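1. Sequence plus the predicted model coming up.
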Amino acid sequence: MAERDKRRTDHGDSAVRRRLLAAATELFTVKGYAATSVREIVEAAGVSKPVLYYWFGNKEGIYLELMTEPFGRFTALLEEYLGAAGSPCGRLVDLLDHTLMLVQENLGGTRLMYSIYYGPPQGAPFIDFEGYHRHFQDAIRKLVSEGMEGGALRSENVDDVMWILLGVFNVALEEQLCGRPDRPPGIDREGVRRMLTLVLSGFAARTADEVER
């Protein structure tokens, strides 16, 4: 009876779920999705196979959770800033800043996404990475267009401005991914905000301080 209660507690413990996700992230990134077994995941997490099956169903289920949860947060962030009040330029800076924050909070998952997208086929369930990136581009493009239509930004090629802003963001993202304990990232969120404000001020007739407001 006590053993059954212990198993039930283990199954319902969210800390166990987090351990499984962390173990799967590390193994999928280092070994690859195809080469990682359920046995290895549960051993790394210190639980039994039934616990993984309880939370995720199978290996595919835990992988999908690793992908869909952060992308769900990302999609909600895009919707929040597209519908928010305030200047388009300020929302652009805030959107890219908070997207970088999501990356910092989930570095392991972001590295896994990169390894799946850029690496060889591993038989992992399909995730429309390009679709999410297109949504990101569209959100930036829309805010840039709003800035131009409202007179905050000069009338320029919208895509050119979008790609420049994405370039700043991607360099900062790569710095986070390449950082390590003995060499922290050379660009932090404050630096990203500063650079984005500088770029936007170059397209505006206003000062850098006015662009960020």
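-> Cool, got the structure.
2. how close does L102 get to R154?
-> Remark: distance between L102 and R154 (C-beta to C-beta, to the nearest Å) = 30 Å. C-beta here means a position set from N, CA and C on the backbone, and glycine is covered the same way.
3. Neighbour count: these two, which is higher?
-> More neighbours surround L102 than the other of L102 and R154, with 15 against 12 (other C-beta atoms under 10 Å).
4. for the helix or strand harbouring the more buried one, packing partners?
-> In the assignment (DSSP states H and E), L102 maps to helix 88-105. In this structure, helix 88-105 makes packing contacts with helix 59-82, helix 129-149, helix 158-178, helix 189-202, helix 208-212, judged by 3 or more C-beta pairs under 8 Å, 6 or more residues apart in numbering; DSSP states H and E.
5. Please identify the buried residues of it?
-> Within helix 88-105, the residues that qualify as buried are 88-97, 99-100, 103, counting by 16 or more other C-beta atoms under 10 Å.
6. what's the answer for stretch 118-131, then?
-> Buried, per 16+ other C-beta under 10 Å, within stretch 118-131: 124, 127.
7. quick one: contacts of that stretch?
-> Under the contact criterion C-beta atoms under 8 Å, 6 or more residues apart in numbering, stretch 118-131 has outside partners 28, 32-35, 60, 63-64, 67-68, 71, 113, 116-117.
8. run the last query once more with 6 Å
-> 32-34, 60, 63-64, 67, 116-117 (C-beta atoms under 6 Å, 6 or more residues apart in numbering).
9. just curious, which of the residues you listed is nearest to I164?
-> Y117 (22.9 Å; C-beta to C-beta).
10. okay, the angle between the particular helix or strand that has the closest one in it and helix 158-178?
-> Taking DSSP H and E as the criterion, Y117 maps to helix 107-118. Orientation check (axes from the mean of the first three to the mean of the last three C-alpha atoms, to 10 degrees): helix 107-118 against helix 158-178 gives 120 degrees.
11. and helix 107-118 with helix 88-105, angle?
-> Using the same axes, to 10 degrees: helix 107-118 against helix 88-105 is 100 degrees.
12. ok, and for helix 107-118, which residues are buried?
-> 109-113, 115-116.
13. just those now: which is nearest E190?
-> When the buried residues of helix 107-118 are compared against E190 (criterion: C-beta to C-beta), the nearest one is T110, at 20.0 Å.
14. What's the separation between the closest one and A124?
-> 16 Å.
15. likewise D159?
-> For D159 relative to A124 (C-beta to C-beta), the value is 31 Å.
16. for Q176, same thing?
-> Q176 is 23 Å from A124, by C-beta to C-beta.
17. Point out where the chain drops to low pLDDT.
-> Counting by pLDDT under 70, the ranges of the chain that qualify are 1-12, 205-213.
18. Who are the contact partners of A152?
-> 89, 204.
19. How is it classified with respect to secondary structure?
-> Here A152 is recorded as coil under DSSP: H, G, I helix; E, B strand; the rest coil.
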